[in-house]
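Undergrad: Build me a structure from this.
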Amino acid sequence: MSGRPALHSDASAPRIAVVDGDQQHEVFDIVDISDGLIRARSAFLFECGEELNVRIDQGGSVSDAIARVRAHTGPRDAPITELELSDCAPMAAKGR
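TA: Next comes the predicted model:
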């Protein structure tokens, strides 16, 4: 069988969604999260300085935050968007 081995299951992979009112849009594939900075790929090119309301699901913990587009790095055909997080607050558990 060929292909790359899975490093982790999709259930444990961190996810980020842009929150727009009562809708969430998963437009990012996370490359790395560390120290309040998310590096992700997206088919959309957001403007540097643009602020997005986001919901982050990491290891079963869900938080809302504001993400400011800090930079676009990497090759032109596969850019990585750097998002700087602020105002990060855990969400209350639903139904509890």
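Undergrad: Isn't residue 54 up against residue 83?
TA: Yes: in this structure, residue 54 sits in contact with residue 83. The criterion is C-beta atoms under 8 Å, and the distance is 7.5 Å. All C-beta atoms are positioned from the backbone trio N, CA, C, and that covers glycine.
Undergrad: Mind checking which of those two has more residues around it?
TA: residue 83 (27 against 22; other C-beta atoms under 10 Å).
Undergrad: tell me the contacts of the more buried one?
TA: Neighbour list for residue 83: 16, 28, 37, 38, 39, 40, 52, 54, 67, 68, 69, 70 [criterion: C-beta atoms under 8 Å, 6 or more residues apart in numbering].
Undergrad: ok, 7 Å please
TA: Each residue near residue 83 by C-beta atoms under 7 Å, 6 or more residues apart in numbering is listed here: 38, 40, 67, 68, 69, 70.
Undergrad: that older thread, shared neighbours of residue 54 and residue 83, anything?
TA: Both residue 54 and residue 83 are contacted by residue 67, under the criterion C-beta under 7 Å, 6+ apart.
Undergrad: Where does the residue nearest the centre of the chain sit, in terms of helix or strand?
TA: With distances taken as C-alpha atoms, centre = their mean, the chain has residue 16 as the residue nearest its mean C-alpha position (3.3 Å). Following DSSP states H and E, the helix or strand that holds residue 16 is strand 15-20.
Undergrad: Tell me the buried residues in that strand?
TA: Within strand 15-20, the residues that count as buried by 16 or more other C-beta atoms under 10 Å are 16, 17, 18.
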